[in-house]
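Novice: using only what follows, build the 3D model:
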Amino acid sequence: MHPVADPPLDTSQFFLRRLHSLLGIIPLGAFLFLHLGTNSLIAVSTPEHDLFQIQVDNIHALGPLLLPVEILFILAPLAFHGAVGVKIWLESKPNVSHYPYGGNIRYTLQRISGVIALLFILFHLWHMHWLGRPFDGGFFDPEDAGTSAAAAIQRYAWAPWVYAVGVLAACYHLANGIWAALITWGVTIGPRSQRGAGWICAAFGAGLAFTGLAAVVGMARHDIAPAQETTGEDPPAGDAAEPDFEDDGPPAVMERTDLNAQGPRRQVAHG
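Specialist: Just a heads-up that it's a prediction; the model follows:
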């Protein structure tokens with residue numbers, strides 16, 4: 001059974017839905033694919049060859065062009081897609097409880113995953129993006145990409161779980177949205193082509209979800225402790241060399257100033 005039909009649309013609503021469908025795939029779907037792919041590099045990065053930092057540097061090499069690109073191709077389409085999506089969700093009338101068929105289930109899950117993904121994106125913007133800095137967020141630092149992203153994920157014990165749910169919702173929403181868009185735009189018309197496209201979209205969604213979860217796990221396990229400097233610093237107390245008591249010479253004498261005394265006093269220390 002096909003998804004539940006929405007009420008008839010006038011011309012403006014028709015084009016609004018088509019634009020909503022198109023923007024969900026290009027540029028937002030393409031961005032999600034690249035974003036999760038970039039973030040997953042942290043799972044295979046090493047201090048000697050930080051692939052994640054290299055890719056982040058490549059993105060920020062756009063310099064002053066990065067902000068307008070981000071606004072025009074990510075934030076503005078996201079705001080439009082999210083607003084229209086909420087409108088569609090509020091106007092929809094799913095009947096999956098009465099007719100629990102595959103089409104109805106996908107229809108309902110598309111709405112639910114869209115709401116979850118939207119809430120997650122708002123949290124993600126506060127948590128990682130520079131837009132969150134005025135609100136005590138925005139913990140990601142592109143100049144220290146791996147450590148700052150990992151520290152942000154590890155900042156709260158529940159954060160990795162929120163990211164996992166958000167990533168799964170976004171990946172399902174995109175994969176199922178592509179399948180529905182192929183029908184909406186008349187690419188897959190017959191049941192056979194729709195079934196084949198469904199398997200392809202399912203495989204794409206599963207692969208993308210695996211990539212996204214790899215990024216979450218990589219950040220949750222990334223070592224955020226600063227590396228121990230070996231130049232110009234004293235070794236830790238536990239690693240200090242043991243004193244040599246086999247020397248028959250006299251003990252070394254060190255001068256130190258006692259702040260509670262009127263003058264310096266002599267303290268004997270074994271060398």
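Novice: please report the distance of residue 40 from residue 214.
Specialist: 5 Å (C-beta to C-beta, to the nearest Å). The C-beta positions use only the backbone N, C-alpha and C, and glycine is treated the same way.
Novice: of these two, which one has the most company?
Specialist: The neighbour count for residue 40 versus residue 214, taken as other C-beta atoms under 10 Å, is higher for residue 40 (22 against 19).
Novice: pretty sure residue 28 is touching residue 78, no?
Specialist: Yes. Counting by C-beta atoms under 8 Å, residue 78 is a contact partner of residue 28 at 6.1 Å.
Novice: more crowded one of the two?
Specialist: Neighbour count, other C-beta under 10 Å: between residue 28 and residue 78, residue 28 has more, with 22 against 18.
Novice: that one and residue 178: what is the separation?
Specialist: Plainly put, residue 28 is 11 Å away from residue 178 if you go by C-beta to C-beta.
Novice: same thing with residue 35?
Specialist: Relative to residue 178, residue 35 is positioned 17 Å away (C-beta to C-beta).
Novice: what's the following helix or strand after the helix or strand where residue 171 lies?
Specialist: Using DSSP states H and E, residue 171 sits within helix 159-184. Counting by DSSP H and E, the element after helix 159-184 in chain order, helix or strand, is helix 191-221.
Novice: what's that following helix packed up against?
Specialist: On a contact count with 3 or more C-beta pairs under 8 Å, 6 or more residues apart in numbering; DSSP states H and E, helix 191-221 meets helix 28-40, helix 145-154, helix 159-184.
Novice: nearest to residue 63, of those helices?
Specialist: Shortest distance between residue 63 and the helices and strands packed on helix 191-221, using C-beta to C-beta, is found for helix 145-154: 16.7 Å.
Novice: quick check: buried residues in the closest one?
Specialist: Buried residues in helix 145-154, counted by 16 or more other C-beta atoms under 10 Å: 145, 146, 147, 148, 149, 150, 151, 152, 153.
Novice: how far out from the middle of the chain is it?
Specialist: The chain centre lies 10 Å from the centre of helix 145-154; the measure is C-alpha atoms, centre = their mean, to the nearest Å.
Novice: tell me what it is packed against?
Specialist: Going by 3+ C-beta pairs under 8 Å, 6+ apart, helix 145-154 lies up against helix 51-60, helix 102-128, helix 159-184, helix 191-221.
Novice: any idea of the pLDDT on residue 81?
Specialist: Reading off the confidence values, residue 81 has pLDDT 97.
Novice: kindly report the same for residue 62.
Specialist: Per-residue pLDDT puts residue 62 at 95.
Novice: quick one: contacts for it?
Specialist: residue 69 (C-beta atoms under 8 Å, 6 or more residues apart in numbering).
Novice: contacts for the one helix or strand residue 24 maps to next, please.
Specialist: If you go by DSSP H and E, residue 24 is part of helix 11-25. Here helix 11-25 makes contact (C-beta under 8 Å, 6+ apart) with 9, 77, 80-81, 84-85, 88, 174, 177-178, 180-181, 184-185.
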